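# What follows is a predicted structure for the sequence shown.
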Amino acid sequence: MEGPAAPDLKDKAPRAILFMCGMNSIRSPMAEVIAKQIVAPGIYIQSAGVRAGDRDPFVDAVLDEAGLTLGKHKPRTMDEIEDDFFDLIITLTPEAHHAALELTRYNALDVVYWPTMDPTVETGSREQRLEAYREVRDHLKKLISERLPQRAQPFSETL
């Protein structure tokens with residue numbers, strides 16, 4: 001699932017990050033929840049889709065395995081985002097990347113593309129399909145951990 005080399009954003013210290021994908025039902029909400037656990041405090045994090053989508057129960061299942069939850073998240077589009085002061089948009093699909101570039105044509109903000117596979121293309125057993133969602137979850141966690149400013153570890157973990 002590795003894409004082209006992407007910039008390390010740890011030194012840029014964005015104030016607000018938007019994760020964006022096609023329908024805000026799988027990849028971008030996963031990234032939002034993971035980032036809120038990993039990224040340094042004080043950075044506002046949201047997600048949105050290009051089009052309207054429906055909540056995917058497989059996302060809830062694989063996030064629950066990692067001790068995470070979407071809570072009351074409902075898929076939303078860019079038009080439904082109340083705040084639009086993001087200084088970094090991370091796109092996860094080609095469609096979202098093109099839409100973000102179009103939206104930001106006249107704005108001074110960074111748009112970064114992190115190619116992320118669509119787990120819905122997996123057509124096997126329930127376990128095979130869940131494994132595809134786990135791969136997306138783990139891929140996003142790796143990218144967020146490697147490329148965004150991190151939360152300081154609690155004292156007990158530093159020993």
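Good, I have the coordinates. Numbers count the residues shown, from 1 in each chain.
# Would you mind listing where this structure has pLDDT under the threshold?
By pLDDT under 70, the low-scoring segments of the chain are 1-12, 83-84, 153-159.
# Check the protein for its longest helix and report it.
helix 126-147 (DSSP state H).
# Contacts for it, please.
Applying Cβ atoms under 8 Å, 6 or more residues apart in numbering, the contact partners of helix 126-147 are 1, 6-10, 26-27, 30-31, 34-35, 38-39, 58-59, 61-63, 65-66, 92, 114, 116-117, 119-123. C-beta: built from backbone N, CA, C; applies to glycine.
# What residues sit buried inside stretch 119-136?
Judged by neighbour count using 16 or more other Cβ atoms under 10 Å, the buried positions of stretch 119-136 are 119, 122, 129-130, 132-136.
# Same question for stretch 38-51.
Neighbour-count burial for stretch 38-51 [16+ other Cβ under 10 Å]: 38-39, 43, 45-50.
# Keep only those of those residues that are in helices.
Going by DSSP H, the helices hold I38 from these.
# E82 versus the residue nearest the centre of the chain, what's the distance?
Nearest to the mean C-alpha position of the chain, by Cα atoms, centre = their mean, lies A31 at 2.5 Å. Per Cβ to Cβ, to the nearest Å, A31 is found 19 Å from E82.
# And E146, by the same measure?
Distance of E146 to E82, computed by Cβ to Cβ: 30 Å.
# Which of those two has more residues huddled nearby?
Legend: neighbour count by other Cβ atoms under 10 Å for E146 and E82, higher for E146 (12 against 6).
# Distance check, the more buried one against I26.
21 Å.
# try I38
Distance, I38 to I26, by Cβ to Cβ: 19 Å.
# Now for E80: which residues touch it?
Neighbour list for E80: A48 [criterion: Cβ under 8 Å, 6+ apart].
# run the last query once more with 10 Å
By Cβ atoms under 10 Å, 6 or more residues apart in numbering, the contact set of E80 is 24, 48-49, 52, 74.
# Would you map the strands across this structure?
16-21, 44-49, 88-91, 110-113 (DSSP state E).
# mind putting those in TSV, distance to T104 included?
Below are the strands of the chain laid out as TSV (distance: least, Cβ to Cβ, whole Å):
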stretch	distance to T104
strand 16-21	10
strand 44-49	13
strand 88-91	7
strand 110-113	6
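# Relative to A152, which of the ones you listed is closest?
Checking the strands of the chain against A152 by Cβ to Cβ gives strand 44-49 as the closest, at 16.9 Å.
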